[in-house]
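**Student:** Got a sequence here, can you build the structure:
(chains A and B)
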Amino acid sequence: MSESMPIGPLAFDPAAEGAAQRDPDFSAVSSAQHDRATFAVLYRRYLDAVYSYAFYQLGDHHDAEDVTARTFMAALRGIGSFRNEGASFRAWLFRIARNTIANAHRTRARRRTEPMDAIPLEPPAPDADPAGLALQAEEARRIRAAVIALPDDRRQVVLLRFADGLSAREIGEVLDRSEGAVRVLLHRALKDLAGHLRR
Amino acid sequence: MADRTPAERLDRALDSLLTGGFATRERELRPLLDTADQLRIALAPVPVSARFEADLARRVAAGRRAGRFDFHVPTWLLLTGAVSSAAVGVGVTAYAVWRGTHRSS
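**Tutor:** As a prediction, this is how the structure comes out:
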């Protein structure tokens, strides 16, 4: 898998005024652009989110680690060229992750992967009901399987919204879609999932 | 401004749900918000292993050190340096040729 990928400024609406002020990472990014040592702040802030995004799409811890490492190394190399022109740092980072995941899918297309229910769970409370926990784990597995079965664009929207907490606007920046289109995709995805999970 | 479409109303309700607030009283959206709540739980952050976190932190730090020269030297400064060096080289050569010519005559 190549680590070289487009990571320059994103071509989003340059008229979006005040984007810099709206980006909660603005000061950390500015700092990292002047002193790479402070990139560690952004790394710690987004490590879990990027890893989860990769894991939920690849279903394999080893591949998710590989994608996460490539994403952060690419972000570190490209941070100097990041310009906050309507797109947040978080959207830019997830766009890099998305490209890296697409590369990973291409290179391991024929390889078997570990199922997603291999997610390490929090240790249960000592007084937890084992039957209840098993039921909860099975329900979570069923929901994740339904998400994975969604068409790619709907799956991306659901993962970025629920696993990573991105707004419709940020998801639009990651996927090159309008905010309205993302809302419609999310609405359709939830309707699909609600119908599927009722069965 | 009032939300106009179900997709916009759902998105606003999700903002509330995902930040721990009360989502909505709209009956139409309730089944979708129930599903959204299930998704929120099922797609919880996946824990990263401590070994991986430490390894990558080291790689990030190493990448920073390796790239320091490239990152901090602007292109215009490199170009100015190259042109200046070339100019000095041409000047020295021209002087040597001139001295050689005058000495032999």
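**Student:** which parts of the helix or strand containing A:S52 are buried?
**Tutor:** A:S52 is part of helix A:39-58, with elements assigned from DSSP states H and E. Counting neighbours by 16 or more other Cβ atoms under 10 Å in any protein chain shown, one finds that the buried residues in helix A:39-58 are A:39-40, A:42-43, A:45-58. Any C-beta I mention is one placed from the backbone N, CA and C, and that applies to glycine too.
**Student:** Now do the same for A:L150: helix, strand or coil?
**Tutor:** At A:L150, secondary structure determined by DSSP: H, G, I helix; E, B strand; the rest coil is coil.
**Student:** residue ranges of the strands in chain B, please?
**Tutor:** Along chain B, no segments are classed as strands by DSSP state E.
**Student:** Flag every residue of it that's near chain A.
**Tutor:** When proximity is defined by Cβ under 8 Å from any Cβ of the partner chain, chain B lies next to chain A at B:5-8, B:10-11, B:14-15, B:18, B:31-32, B:34-36, B:38-49, B:52-53, B:56-57, B:59-61, B:63-64, B:67-68, B:71.
**Student:** Show me the shaky parts of chain A.
**Tutor:** When residues are selected by pLDDT under 70, those of chain A lie in A:1-22, A:109-128.
**Student:** Could you list the domains of it?
**Tutor:** What automatic domain parsing lists as the domains of chain A is A:15-118, A:125-199.
**Student:** what subset of the buried residues of helix A:39-58 is also close to chain B?
**Tutor:** With Cβ under 8 Å from any Cβ as the criterion, the buried residues of helix A:39-58 include A:F39, A:A40, A:Y43, A:L47, A:D48, A:A49, A:Y51, A:S52, A:F55, A:Y56 near chain B.
**Student:** Show me the strands in chain A, by range?
**Tutor:** Along chain A, no stretch is classed among the strands by DSSP E.
**Student:** At the geometric centre of it, which residue do we find?
**Tutor:** Nearest residue to the geometric centre of chain A (Cα atoms, centre = their mean): A:Y53, 3.6 Å.
**Student:** residue contacts, that one?
**Tutor:** A:Y53 makes contacts with A:F94, A:A97, A:I101, A:L159, A:L160, A:A163, A:D164, as judged by Cβ atoms under 8 Å, 6 or more residues apart in numbering or on different chains.
**Student:** Burial check on the fourth one, number of neighbours?
**Tutor:** A total of 24 residues lie near A:L159 under the criterion other Cβ atoms under 10 Å in any protein chain shown.
**Student:** Identify the residue nearest it in space, chain neighbours excluded?
**Tutor:** Using Cβ to Cβ, 6 or more residues apart in numbering or on different chains and skipping the chain neighbours, the partner closest in space to A:L159 is A:Y56 (5.3 Å).
**Student:** Verify the stated contact: the one you found with A:L160.
**Tutor:** No. Taking contact to mean Cβ atoms under 8 Å, the distance of 10.1 Å between A:Y56 and A:L160 leaves them out of contact.
**Student:** which residues in chain B form helices?
**Tutor:** For chain B, the helices identified by DSSP state H occupy B:6-18, B:30-42, B:50-66, B:68-72, B:75-104, in order along the chain.
**Student:** who wins for proximity to A:L135 among these?
**Tutor:** A:L135 sits nearest to helix B:30-42 of all those, at 12.8 Å, using Cβ to Cβ.
**Student:** so what's the nearest residue to A:R98 once chain neighbours are set aside up against?
**Tutor:** The spatially closest residue to A:R98, leaving aside those adjacent along the chain, is A:V174, at 6.0 Å (Cβ to Cβ, 6+ apart). With contacts defined as Cβ under 8 Å, 6+ apart, the neighbours of A:V174 are A:A91, A:F94, A:R95, A:R98, A:Q156, A:L160, A:L166.
**Student:** how many neighbours does the second one have?
**Tutor:** Translated: A:F94. Residues contacting A:F94 under the criterion other Cβ under 10 Å number 27.
**Student:** who are the neighbours in contact with it?
**Tutor:** Applying Cβ under 8 Å, 6+ apart, we find A:F94 in contact with A:V50, A:Y53, A:L160, A:D164, A:L166, A:E170, A:V174.
**Student:** I figured the first one hits A:A97, correct?
**Tutor:** Which is A:V50. Yes. When contacts are counted by Cβ under 8 Å, A:V50 is listed as touching A:A97 (5.2 Å).
**Student:** Which residues are in contact with each of the two?
**Tutor:** Counting by Cβ under 8 Å, 6+ apart, the contacts common to A:V50 and A:A97 are A:T68, A:T71.
**Student:** how much space is there between A:S27 and chain B?
**Tutor:** Distance of A:S27 to chain B, given as Cβ to the nearest Cβ, to the nearest Å: 19 Å.
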